[in-house]
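1. This is a predicted model, with the sequence first.
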Amino acid sequence: MGNRRKTATFYLAIIIVLVFVVNVAVGGGNRFWIFLTGGGYVKDYGEVSFALVTEQGQWWRLLTCGYLHMGVIHLVGNMAALEIIGTKLERKIGPIRMLLIYNMGTMLTAFLCCLIFREGWIVGASLGIYVLFGMMCVMLCLKGKKRIIELSGYDKGYLAFYVIVGCFLGIGTIVAHLIGFVIGILVGLILGRQLQTK
């Protein structure tokens with residue numbers, strides 16, 4: 001990154017990567033297999049499911065699930081999207097708002113997914129990333145004297161790839177992404193209008 005100032009998005013990504021590294025290091029099975037496909041003690045302790053939240057009262061899992069990943073490919077794909085979306089939003093709404101929206105969006109998306117899918121479990125930064133993505137899409141559509149956010153050709157290409165690949169990961173993933181995206185649209189409509197009037 002050279003002399004570029006480190007952003008809150010950068011530090012959020014570092015924390016997520018460190019959680020992944022700790023999960024692999026702590027183990028809970030074959031470490032190479034955990035690296036490739038997930039699992040492990042940390043994932044078991046942080047994933048979210050309907051029963052864990054409602055029956056056992058482990059509400060903190062609604063947040064921790066957004067910091068866990070099912071293997072290195074899942075992690076890399078999400079971190080690339082977070083870098084594009086998070087840094088662009090952060091420049092416009094500030095680091096505190098961006099982090100709050102990521103974390104609160106993760107929790108709300110995870111909670112709604114738990115209500116819809118009562119069996120199974122949920123992990124992945126895409127819960128919060130899709131909230132940020134929905135918000136960014138609203139800001140891209142707002143008309144004003146100048147665009148609130150600009151995307152390069154690479155940014156557009158990667159985000160299209162990110163959305164398409166997400167559609168092949170199962171109905172649960174599609175629904176989770178859609179829920180996060182809709183939440184992001186709602187947040188974007190509120191904040192976008194404020195930014196437009198500044």
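-> Okay, I see it.

2. Counting by contacts, list what whichever helix in the chain runs longest packs against.
-> Here the longest helix in the chain is taken by residue count, with DSSP state H as the criterion, and it is helix 171-197. Of the remaining helices and strands, those touching helix 171-197 by 3 or more C-beta pairs under 8 Å, 6 or more residues apart in numbering; DSSP states H and E are helix 72-93, helix 95-116, helix 126-141, helix 153-166. For glycine as for every other residue, the C-beta is placed from the backbone atoms N, C-alpha and C.

3. Adding mean pLDDT, mean neighbour count and distance to Phe10, write those out as CSV.
-> Formatted as CSV, the entries for the helices and strands packed on helix 171-197 read as follows, by pLDDT from 0 to 100; neighbours: other C-beta atoms under 10 Å; distance: least, C-beta to C-beta, whole Å:
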stretch, mean pLDDT, mean neighbour count, distance to Phe10
helix 72-93, 92, 20, 8
helix 95-116, 95, 20, 10
helix 126-141, 91, 25, 15
helix 153-166, 89, 14, 16
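
4. now these in TSV, with distance to Gly27?
-> What follows is these, written out as TSV (distance: least, C-beta to C-beta, whole Å):
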stretch	distance to Gly27
helix 72-93	16
helix 95-116	25
helix 126-141	25
helix 153-166	28
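
5. and the longest helix of the chain with helix 72-93, angle?
-> Helix 171-197 and helix 72-93 meet at an angle of 20 degrees, taking axes from the mean of the first three to the mean of the last three C-alpha atoms, to 10 degrees as the criterion.

6. relative orientation of helix 171-197 and helix 126-141 in degrees?
-> Using the same axes, to 10 degrees: helix 171-197 against helix 126-141 is 40 degrees.

7. picking up where we left off before, looking at the helices and strands packed on helix 171-197, which is closest to Gln58?
-> With C-beta to C-beta, the closest approach to Gln58 among the helices and strands packed on helix 171-197 belongs to helix 95-116: 11.2 Å.
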